[in-house]
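**Student:** A structural model of the following input is requested.
(2 chains)
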Amino acid sequence: MLKKRLIGVVTIKDGWAVQSFGYQRYLPLGKPECLIKNLDRWGADEILVQVIDRSRQKIAPDFSLLERIGKLGLSTPLIYGGGIRNVDDGVKAIHYGADRLVVDALLHDDLQEVQHLSERLGAQAVIASLPLSWQDDKLAWLDYRSQTKIAIATHLLETIKSGIISEILISDWLHEGQANGFESNLVKKFPLQNIPIIAFGGVSEPVQMAELLAQPNIVAIAIGNFLNYQEQAIQKYKQAIASEQIRNPIYSSKYSLLTNV
Amino acid sequence: MVGIVDYGMGNHASVMHSLKSMGFKVRISADPQVLDNTDILILPGVGAFPSAMQALRDRGLVNYLQHQAVMQHPIIGICLGMQLLTTASYEFEYTLGLGLIEGEIVPLTASKWHIGWNEIKCLQQDSLLEPSNHQSFYFNHSFTYQGADKYQIAIAQHNQAVAAVIRHDNIAGIQFHPEKSQVAGKQLLRNLITGLVNAKETIDRSCHN
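**Tutor:** Now for the predicted structure:
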């Protein structure tokens, strides 16, 4: 049985890993490599590295960071997002060690290029990031660069339906960093119900995670800020959820919680 | 010594780091003279089948790999690299592969993709794979192997049976990413590499006696 995933998220701004609250307030955490290495040891099912200032500044993906991450020798799949503008950027990110890519700004700017990316690397490598909010009984799609909110574009939905994107990362940006804050309507009211969804933003409690994972279209939960409040957080979340839907990793004994029993 | 075949497709760095962390010595190259001096070849790959075969042709590696297979040089293909070992693929257009394991690469039928961690189940008795039976590995693909049962050593279930490991003598293909499958992946890769290399050495010794 294909397992549902817990994805550890590392958000990077100005070269530093940060905690992000509501897409507007940031607290520094330290060197990204340290957090990424921890997630690898803790048995995260995937690691998402999102560099949030590349597209805003219209600069290329952070290949230097990817190169440094590559040297860590991760044994966990790596998803990279931040500044991907075209196929060359995507191919280069994969060469440096990313397994999959997240695109956000490109969905606003150039869907044709997203298609080319998919044709070159395969749709399984392409994830669409949609920062959404639920306000006045409607879904609103945020362009985080301009801080403008619009209805989800019909041509974007058509593109997703065409199969060039494998999964959608729905980010509850309003409740990002807020415990138990994820707005369930972002998933329930999303117009495409047969597309695999990764839920992110304000997901902090095992009960909340279990409820979200029970929904057939949610294939993964992404956790960022809440991994930073305790050691081996991913392992503890997995133990607390205690579901057959979740993979129980094999740990090197020195990293296993069982050694503490 | 493990040789990673560099044909410009995919993520050699991840495979190299994974192998080095297990204590293997590694060479990455497209140069036959370098690859000749290795005990086993690994063919990684991310991307589309036709462009990967073209990249192998451009570097003169198709004939080289086929010759190495004849010479009993062990080869492991990973993900797209596994698919390249087969007869042909229907991805985008019908494209001939290396033809080292009989069978074809076809789209998944019961779902568009197979992404994430899934358990494998051994169908054949294979001492190299047996320790990994029922363990979970990371898959990320939309095309799959279709061929004779005798080549399908292990499968995963994702709305359909998906070939997870295929093997013909000392040529093995792994559909998932062992280099990104944490402890379970490293164990499998170590068993497969050491097992295939030891088998080759046994054959070589018996030929010389």
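**Student:** The host helix or strand of A:Arg5 and chain B in contact?
**Tutor:** Using DSSP states H and E, A:Arg5 sits within strand A:5-13. Yes: counting by C-beta under 8 Å from any C-beta of the partner chain, chain B is contacted by strand A:5-13 at A:Arg5. Yep, even glycine has a C-beta here, placed from its N, CA and C like the rest.
**Student:** what's the angle from the helix or strand following that strand to strand A:5-13?
**Tutor:** Elements were assigned by DSSP H and E; along the chain past strand A:5-13, the next helix or strand is strand A:16-21. Counting by axes from the mean of the first three to the mean of the last three C-alpha atoms, to 10 degrees, strand A:16-21 lies at 110 degrees to strand A:5-13.
**Student:** so how far is strand A:16-21 from its chain's centroid?
**Tutor:** Taking C-alpha atoms, centre = their mean, to the nearest Å, one finds the center of strand A:16-21 at 14 Å from the center of the full chain.
**Student:** which residues touch that strand?
**Tutor:** Applying C-beta atoms under 8 Å, 6 or more residues apart in numbering or on different chains, the contact partners of strand A:16-21 are A:10-13, A:26-32, A:34-35, A:52, A:176-178, A:224-225, A:228.
**Student:** tell me the contacts of A:Tyr80?
**Tutor:** Counting by C-beta under 8 Å, 6+ apart, A:Tyr80 has contacts A:Leu48, A:Val49, A:Gln50, A:Val51, A:Pro61, A:Leu66, A:Ala93, A:Ala98, A:Arg100, A:Leu101, A:Val102.
**Student:** which SS class is the residue lying closest to the fifth one once chain neighbours are set aside?
**Tutor:** Computed as C-beta to C-beta, 6 or more residues apart in numbering or on different chains, the closest residue to A:Pro61 that is not its neighbour in sequence is A:Gly83, at 4.3 Å. Reducing the assignment at A:Gly83 to three states with DSSP: H, G, I helix; E, B strand; the rest coil gives coil.
**Student:** wait, isn't A:Gly83 in contact with A:Leu65?
**Tutor:** No: using C-beta atoms under 8 Å, A:Gly83 is not in contact with A:Leu65, being 10.6 Å away.
**Student:** Determine which member of the two has the greater number of neighbouring residues.
**Tutor:** For the pair A:Gly83 and A:Leu65, the greater number of neighbours falls to A:Gly83 (24 against 20), based on other C-beta atoms under 10 Å in any protein chain shown.
**Student:** quick one: contacts for the more buried one?
**Tutor:** By C-beta under 8 Å, 6+ apart, the residues touching A:Gly83 are A:Val51, A:Arg54, A:Ser55, A:Ile59, A:Ala60, A:Pro61, A:Asp62, A:Asp89.
**Student:** Please determine how far it is located from chain B.
**Tutor:** 19 Å (C-beta to the nearest C-beta, to the nearest Å).
**Student:** What of A:Lys92?
**Tutor:** 11 Å.
**Student:** Give the helix, strand or coil label for that residue.
**Tutor:** Put simply, A:Lys92 is helix when judged by three-state DSSP.
**Student:** What number of residues are in the vicinity of the residue nearest to it when sequence neighbours are not counted?
**Tutor:** Nearest residue to A:Lys92, sequence neighbours excluded (C-beta to C-beta, 6+ apart): A:Phe63, at 6.2 Å. Number of residues near A:Phe63 (other C-beta under 10 Å) recorded here: 16.
**Student:** Most proximal residue of chain B with respect to chain A?
**Tutor:** Nearest to chain A, among the residues of chain B, is B:His17, at 3.3 Å (C-beta to the nearest C-beta).
**Student:** so what's that residue up against?
**Tutor:** Applying C-beta under 8 Å, 6+ apart, the residues near B:His17 are A:Gly70, A:Lys71, A:Leu72, A:Gly73, A:Leu74, B:Glu179.
**Student:** That's all I had, so thanks and see you.
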